[in-house]
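> Mind folding the following:
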Amino acid sequence: MLAANKIHILFISAFLSVFLNSYGQPESYWGVSFNTDASLLSGAVVGGNSGIASIYYNPAGISEIENQQFALNANLFSLEYSNYSNAIGGGNDLSNLAFRVQPRFVSYLYRSKKDTAISIQFAIFNRNISKIDMYNSVDYTTNLIKEGVSENYFGNFDITSDYTDYWGGAGVSYELSPKFSIGASLFFSVKNMTYFKSISILVNPLTDLLPDSIPYYDATWSSYQKLVMYDVRMLGKIGFRYHAGDWSYGLNFSIPSLRLFGNGDVKKIISQANIPGSDIATDDYNYHEVGNYMLAQFKDPFSVSFGAVYVRPSKRSRYYFSAEYFSKINKYKTVDGTKTVSPDDAYPIPTTDFLSYYYAAHAVVNIALGYQIRMTENTEGLFGFRTNFNPRKEIFDDPVSQGGSEFSVVPANQYYITGGTTFKYKKTSFLVGLQLAIGNKRDNIQFVNFYNPVVSDPETGLSIQGERKYDMDYTFIGASLFLGFSIGY
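So this is what the prediction gives:
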């Protein structure tokens, strides 16, 4: 009985873990913005004119930077709104409004005086940041446990998440000729994620209406998950640039990241009590595992990008195009609940796959378009558009019967429009710009359904809650203000 009950609990927890974190495994390959000229062009700069962001988009472009310079693109102001309609049933929504002020890009470019064909760049930047804090609860009268007794139904859903990905590295570019250059860059990535999620349900009689002949009772069901992890990785880029008349072309290869070290602490609890019934699905249980120093990682895919830039004969305006192919990521464990990397004692507590989280991604192609126009001798306007297609691949067709855990991001494609102005004074340039982003995905499965509850669902093993339906709509709206400057000397 105990072994069967444990298996049943694992299946239930697998179902719940599908909704671990709406931002747990960031999938915004092209959601990055660096507060640079390249960002105002929506990143359509693989073919040329990527400026100080060349170390990221195409390191061969480092040679194009005119002056030895220091760049501090000081702050990126972002306001993002996410809404999950009917996320917990009964028309109740979850929403998150986030305002951030953060440093984005610090760069230093060095050009050798002995060999001017060689340019070296160092940079530190925040590639990705995501924060979410959502909660909601329901409280209504029902008749679920005992026939004819008015009961109070209380359900609570709470989720918080904080993810950051900082990059630091160096790049070098060599100008083989005025028309052709090659480059390479090497980065170290430090990813951190903290996550907490709780679902709790309580059903008990309204005491002032409870007949004396019926003793007081309560039925409870709850799940709790907490994850704290970090991952340090190394990755590289190899790029090429070629100029021919009014055209320039670029090609860049991003090598899959290599895990250096990292671990995570995981805690999961799932329990229920006083659920009426006579089968295993309604037995009381309190199953939990805690794992410290679990093997943890967030992989980055191989990608190849191509870009082209066309300069009009008047030299006053330019058109930009870039496209990038991201390869698929085969199923792997972002957290391996069966492996520890540095146990803190000689007899670590054994853990199981109950603590694991899985991830996989499809191959995708994103495109970007940009337009640049010189308005005055020292002022230029820059505009762009880019896609950010979601690559997430669903791993388990039936999470309850197949077990395991899966990070699940609502698979919404996002689209960005950018625009702004750069001002140049001698060797110093300033920029100001705006980015707008939208995303939408209909008919997603609910995080939980607190309405139309059943005592126990024999198919899912979930108790005192309703069937989770595919009628949650996701909407994302974002706005970012770019402010930055570069000092040449």
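> where along the stretch 301-450 of the chain do the helices fall?
Assigned by DSSP state H, counting those that start in this stretch, the stretch 301-450 of the chain shows helices spanning 399-402.
> pLDDT weak spots in it?
The stretch 301-450 of the chain contains residues with pLDDT under 70 at 343-348, 396-404, 406-409.
> Strands along that one, start to end?
For the stretch 301-450 of the chain, applying DSSP state E, counting those that start in this stretch gives strands covering 303-311, 317-326, 329-340, 357-361, 364-376, 379-388, 414-425, 428-444.
> how about these in JSON lines, adding distance to L40?
No exception for glycine: its C-beta is placed from N, CA and C like everyone else's. Shown next, in JSON lines, are the strands of the stretch 301-450 of the chain (distance: least, CB to CB, whole Å):
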{"stretch": "strand 303-311", "distance to L40": "15"}
{"stretch": "strand 317-326", "distance to L40": "11"}
{"stretch": "strand 329-340", "distance to L40": "30"}
{"stretch": "strand 357-361", "distance to L40": "28"}
{"stretch": "strand 364-376", "distance to L40": "8"}
{"stretch": "strand 379-388", "distance to L40": "4"}
{"stretch": "strand 414-425", "distance to L40": "4"}
{"stretch": "strand 428-444", "distance to L40": "4"}
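> Of the ones you listed, flag the one that's most buried.
Comparing the strands of the stretch 301-450 of the chain by mean neighbour count (mean count of other CB atoms under 10 Å), strand 357-361 comes out on top with a mean of 22.
> Now do that one: which elements does it pack against?
strand 329-340 (3 or more CB pairs under 8 Å, 6 or more residues apart in numbering; DSSP states H and E).
> The strand it packs on packs against which elements?
Counting contacts by 3+ CB pairs under 8 Å, 6+ apart, strand 329-340 packs against strand 258-273, strand 285-296, strand 357-361.
> winner for burial among the ones you listed?
Taking mean count of other CB under 10 Å, strand 357-361 is the most buried of the helices and strands packed on strand 329-340, at a mean of 22.
> Which one of the helices and strands packed on strand 329-340 lies nearest to Y242?
Proximity to Y242 (CB to CB) singles out strand 258-273 among the helices and strands packed on strand 329-340, at 29.3 Å.
> tell me the mean pLDDT over that closest one?
Average pLDDT, strand 258-273: 94.
> Over to stretch 455-473?
Averaged over stretch 455-473, pLDDT sits at 89.
> mind checking how far that stretch is from the chain centre?
Centroid separation between stretch 455-473 and its chain, computed with CA atoms, centre = their mean, to the nearest Å, is 27 Å.
> can you list the weak-confidence ranges in the stretch 1-150 of the chain?
In the stretch 1-150 of the chain (pLDDT under 70), the answer is 1-27, 35, 67-75, 102-104.
> for it, what spans make up the strands?
Under DSSP E, counting those that start in this stretch, the stretch 1-150 of the chain gives strands at 69-85, 94-102, 105-111, 118-142.
> from those, which stretch is densest packed?
Mean neighbours per residue, mean count of other CB under 10 Å, is largest over the strands of the stretch 1-150 of the chain for strand 105-111, with a mean of 20.
> For Y310, find the nearest of the helices and strands packed on strand 329-340.
When the helices and strands packed on strand 329-340 are compared (using CB to CB), the closest one is strand 357-361, at 32.7 Å.
> Put together CSV for the strands of the stretch 1-150 of the chain, with distance to R318 on each row.
Formatted as CSV, those follow (distance: least, CB to CB, whole Å):
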stretch, distance to R318
strand 69-85, 21
strand 94-102, 30
strand 105-111, 22
strand 118-142, 22
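> which one of the strands of the stretch 301-450 of the chain lies closest to N96?
Nearest to N96 among the strands of the stretch 301-450 of the chain is strand 428-444; the distance by CB to CB comes to 13.3 Å.
> Neighbouring strands - and their directions - for that closest one?
strand 414-425 (antiparallel), strand 472-488 (antiparallel) (DSSP bridges).
> can these go into a markdown table with extra columns for distance to S356?
Formatted as a markdown table, these follow (distance: least, CB to CB, whole Å):
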| stretch | distance to S356 |
| --- | --- |
| strand 414-425 | 29 |
| strand 472-488 | 25 |
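> What is the burial count for T164?
Using other CB atoms under 10 Å, the number of residues around T164 comes to 18.
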